[in-house]
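In: missing the sequence, but the structure's below:
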């Protein structure tokens with residue numbers, strides 16, 4: 001069964017951009033034993049897509065920000081056992097240096113309070129190349145306008161590249177319509 005069909009059980013909002021996200025994940029060739037972090041759980045979309053792709057991961061939100069029932073969504077598609085939740089802030093990640101093979105943030109980067117500090121923390125905990133990949137999916141201006149149809153006060157789109165500062169990172173940008181994928185790795 002295709003990922004689109006599996007995640008389709010969770011409704012139209014979950015299915016949006018899933019083909020593009022799946023394409024990006026596939027190009028990473030992640031080992032099923034990879035240590036993966038998803039920053040910004042929200043409704044669980046990224047965590048669930050990663051789990052449906054055969055990966056185990058840690059996902060998290062700041063204390064008190066667990067505003068969505070991601071666990072129920074994960075149960076509906078039988079992947080709750082692949083996902084570990086932790087309270088965490090992107091600006092203060094509670095992990096050892098160089099510990100993750102891949103770090104994802106899907107539509108959450110523009111919500112981080114201090115984007116420079118968050119990027120510095122992400123950089124600290126990602127493994128050096130050729131192993132570690134940082135993948136940030138961020139909405140385009142068109143994507144933000146679509147969100148604002150339902151949530152008028154939603155923050156502006158953010159380009160994560162503007163927040164890497166002097167961190168030695170290589171990156172590529174894959175354009176996807178409503179979202180873009182920013183893929184980084186340490187030099």
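Out: Alright, I've got the coordinates. All figures in this text were calculated on a predicted structure; none of them were measured in a lab.
In: shaky segments in this structure?
Out: 1, 65-68 (pLDDT under 70).
In: Contact partners for the residue nearest the centre of the chain?
Out: With distances taken as Cα atoms, centre = their mean, residue 105 lies nearest the centre of the chain, 2.4 Å away. Counting by Cβ atoms under 8 Å, 6 or more residues apart in numbering, residue 105 touches 38, 39, 40, 46, 90, 122, 135, 136, 137. Yep, even glycine has a C-beta here, placed from its N, CA and C like the rest.
In: Return the list of strands paired to the strand or helix carrying it, each annotated with direction.
Out: Secondary structure assignment for residue 105, by DSSP states H and E: strand 102-106. Next to strand 102-106 in the sheet, as set by DSSP bridges, lie strand 36-39 (parallel), strand 133-139 (parallel).
In: I'd like the next helix or strand past the shortest one.
Out: Per DSSP H and E, strand 36-39 leads on to helix 45-52 as the next helix or strand towards the C-terminus.
In: What angle do strand 133-139 and that next one make with each other?
Out: Angle between the axes of helix 45-52 and strand 133-139 is 130 degrees (criterion: axes from the mean of the first three to the mean of the last three Cα atoms, to 10 degrees).
In: which outside residues touch the helix or strand following helix 45-52?
Out: Downstream of helix 45-52, the next assigned helix or strand under DSSP H and E is strand 57-61. Strand 57-61 has contacts (Cβ under 8 Å, 6+ apart) with 35-42, 44, 46-47, 50-51, 67, 70, 82-88.
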